[in-house]
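Peer 1: have a look at this fold, sequence not included:
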């Protein structure tokens with residue numbers, strides 16, 4: 001055991017670091033074969049999860065297949081929770097990932113199922129999982145277009161006073 005041999009931990013530590021590196025390459029490596037495969041599996045999981053949520057909202061389907069849909073929902077929730085925890089584990093700065101856009105979306109995707117155990121009626125929040133489909137931008141290398149979106153947001157933010165005055169004037173004219 002590790003506690004019997006003080007040097008055994010030193011030999012064990014590189015294998016943990018290597019495993020962590022492999023997990024990081026699979027989860028965050030969109031250029032690697034395994035990373036692309038993981039992203040495709042993740043997208044399919046998101047789509048199937050959303051389909052299950054939609055089917056559950058149809059009363060006839062919910063009555064007939066409610067138990068199966070419930071199990072499917074929990075399987076995907078556990079899968080997404082494990083994925084989120086692994087992303088936190090392999091991140092150099094877990095707090096930065098947790099507070100990033102995708103980190104918040106990943107967290108919001110799993111919270112509703114757990115929240116439904118304690119709060120009745122919170123089940124409708126599961127549609128937040130649809131936001132996870134934005135990962136397709138990262139997978140298809142469309143992230144480069146997000147810089148254009150950032151420029152647009154920056155421009156709109158810089159002009160917000162002028163936009164507010166314009167919209168106020170239009171609203172006034174429409175009201176008159």
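Peer 2: That came through, no problem. As the structure is a computational prediction, the values presented were derived from the model and not from experiment.

Peer 1: ok, residue 49 touching residue 74?
Peer 2: No. Residue 49 sits out of contact with residue 74 when judged by Cβ atoms under 8 Å, with a separation of 10.6 Å. Any C-beta I mention is one placed from the backbone N, CA and C, and that applies to glycine too.

Peer 1: so how far is the helix or strand hosting residue 109 off the chain centroid?
Peer 2: Taking DSSP states H and E as the criterion, residue 109 maps to helix 101-115. Mean-position distance between helix 101-115 and its chain equals 7 Å (Cα atoms, centre = their mean, to the nearest Å).

Peer 1: which other helices and strands contact it?
Peer 2: If contacts are counted by 3 or more Cβ pairs under 8 Å, 6 or more residues apart in numbering; DSSP states H and E, helix 101-115 sits against helix 59-90, helix 94-99.

Peer 1: tell me the pLDDT at residue 84?
Peer 2: What the model reports for residue 84 is a pLDDT of 90.

Peer 1: what's near enough to touch the spatially closest residue to it that is not a sequence neighbour?
Peer 2: What sits nearest to residue 84 in space, not counting adjacent residues and going by Cβ to Cβ, 6 or more residues apart in numbering, is residue 106, at 4.6 Å. Taking Cβ atoms under 8 Å, 6 or more residues apart in numbering as the criterion, residue 106 is in contact with 80, 83-84, 87, 132.
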